[in-house]
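Chemist: Got a sequence here, can you build the structure:
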Amino acid sequence: MSASTDASPARRGRPGYDREQVLSVAVTLFNEQGYDATSVADLASRLGLTKSALYHHFDSKEQLLALALDEALDGLEGVLDAPEAAAGSAVERLGAVLRGAVRVLVDKLPYVTLLLRVRGNSDVERAALERRRAFDHRVAALVAEAQHAGEMRADVDGAVATRLVFGMVNSIVEWYRPGGPVDRERLAHDVVAVALDGMRTR
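Modeler: Reported below is the predicted structural model:
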């Protein structure tokens, strides 16, 4: 190899990011700074890209938000449509949904964290909130089915119970750390035990 080759400057150009990597970095930055406070320039700087190179991957900051929220919501909605959520008694199906929701939260922690922080400030955020409400309604219907079957206490309002249970599930984003002492499956077990044992009929 010649001396002139050794002394040549490093190749200039975009770092090798694909769309998923750009989205992941964007979600991290949105969670750190807040979506509204994060500019395209901030994101380009974090990635080491020019703004024009960033637009090579995505049309806008809002498109990044929409895709990130879809990632979380698709995971949660998939839990309701999974085979284990369609088999067994209503309370067994509810347990499967709760375990699945915890797994999605752990596996997609930054995306679910972002979802839980949206406030409906744009069409994208309002659409995400509508999908969250639809998810909650389907879970509340499952709670009501379990109550009507005599599997869960009827003296607890089903919609309130659903809110309380998912308040507990959603709080995981505030303290759970991947690689910590509690693994995903243990966490899913503990959530179901705490949530359902208090609501089961005796």
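Chemist: Past the helix or strand hosting Ala134, which element shows up next along the chain?
Modeler: Take DSSP states H and E as the rule and Ala134 turns out to sit in helix 123-148. Next along the chain after helix 123-148, taking DSSP H and E as the criterion, comes helix 158-170.
Chemist: Show me the shaky parts of the protein.
Modeler: Scanning the chain for pLDDT under 70 picks out 1-15, 202.
Chemist: change it to 90
Modeler: Scanning the chain for pLDDT under 90 picks out 1-18, 53, 55-57, 153-154, 156, 158-159, 161-162, 178-180, 182, 195-202.
Chemist: which residues of it fall in helices?
Modeler: Remark: helices assigned in the chain by DSSP state H are 3-6, 19-33, 40-47, 51-57, 61-80, 90-107, 109-117, 123-148, 158-170, 172-175, 184-197.
Chemist: can I get the ones you listed in a markdown table with mean neighbour count?
Modeler: In short, each C-beta sits where N, CA and C put it, glycine included. Conversion of the helices of the chain to a markdown table gives the following (neighbours: other C-beta atoms under 10 Å):
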| stretch | mean neighbour count |
| --- | --- |
| helix 3-6 | 7 |
| helix 19-33 | 18 |
| helix 40-47 | 16 |
| helix 51-57 | 15 |
| helix 61-80 | 19 |
| helix 90-107 | 21 |
| helix 109-117 | 20 |
| helix 123-148 | 17 |
| helix 158-170 | 17 |
| helix 172-175 | 13 |
| helix 184-197 | 15 |
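Chemist: coming back round to it: can you check what angle separates the helix holding Ala134 from helix 61-80?
Modeler: On the basis of axes from the mean of the first three to the mean of the last three C-alpha atoms, to 10 degrees, helix 123-148 is oriented at 10 degrees to helix 61-80.
Chemist: In this protein, which residue is most central in space?
Modeler: Nearest residue to the geometric centre of the chain (C-alpha atoms, centre = their mean): Val112, 2.2 Å.
Chemist: which residues touch that one?
Modeler: Each residue near Val112 by C-beta atoms under 8 Å, 6 or more residues apart in numbering is listed here: 72, 75-76, 104-105, 173.
Chemist: Quick check: nearest residue in space to Arg131, chain neighbours excluded?
Modeler: Spatial nearest neighbour of Arg131, excluding adjacent residues (C-beta to C-beta, 6 or more residues apart in numbering): Leu73 at 4.9 Å.
Chemist: no no, Phe58
Modeler: By the measure of C-beta to C-beta, 6+ apart, the closest residue to Phe58 outside its immediate chain neighbours is Leu64, 5.4 Å from it.
Chemist: Noted, bye for now.
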